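A.B. asks: fold the following, please.
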Amino acid sequence: QVLLVESGGGLVQAGGSLRLSCAVSGRTFSSYAMGWFRQAPGKERDFVAAISASGSITTYAESVEGRFTISRDNVKNTVYLQMNSLKPEDTAVYYCAAGPTSPGLRRGLSNYWGQGTQVTVSS
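C.D. replies: Predicted coordinates:
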């Protein structure tokens, strides 16, 4: 069983930054690609970013490219999402996910999901 727990969400003004963390239990963390998704009220859950199991390959949604950075620490079993230049349209519940591959995660193919953390960006 793999458990994902997100943290780091909160309220921030437009232009500000936040760093989300996702702590993953289980000894197989380094074998999973990891990703971040978000869901705004009344909308579907959307892909944000993914990182390969080794951490060597990252991929981003066009809407966050250049502003968000995904990274992972395979010793701490944690994946991060650094979010800079935040915009009101970034407001959503952010979820972390684990899956076999980054391309699969990008299509929403995930084995495990976290419970989500709220990010609110005020204008």
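
A.B. asks: now do the helices in this protein.
C.D. replies: 102-106 (DSSP state H).

A.B. asks: would you map the strands across it?
C.D. replies: 4-7, 10-13, 18-24, 33-39, 45-51, 58-60, 68-73, 78-83, 92-99, 112-113, 117-122 (DSSP state E).

A.B. asks: number of nearby residues for the closest residue to N77 other than its chain neighbours?
C.D. replies: Setting aside the residues directly before and after it, N77 is nearest to F29 in space (Cβ to Cβ, 6 or more residues apart in numbering), at 4.2 Å. Where you see a C-beta, it was placed from the backbone N, CA and C, and this is true even at glycine. A count of nearby residues for F29, using other Cβ atoms under 10 Å, gives 22.

A.B. asks: does F29 touch V75 like I think?
C.D. replies: No. In this structure, F29 is not within contact of V75 by Cβ atoms under 8 Å, at 9.5 Å.

A.B. asks: in the protein, which helix or strand is least confident?
C.D. replies: Every helix and strand of the chain was ranked by mean pLDDT, DSSP states H and E. The lowest is helix 102-106, at a mean of 91.

A.B. asks: where's that helix relative to the chain centroid, distance-wise?
C.D. replies: Distance of helix 102-106 from the chain centroid (Cα atoms, centre = their mean, to the nearest Å) equals 12 Å.
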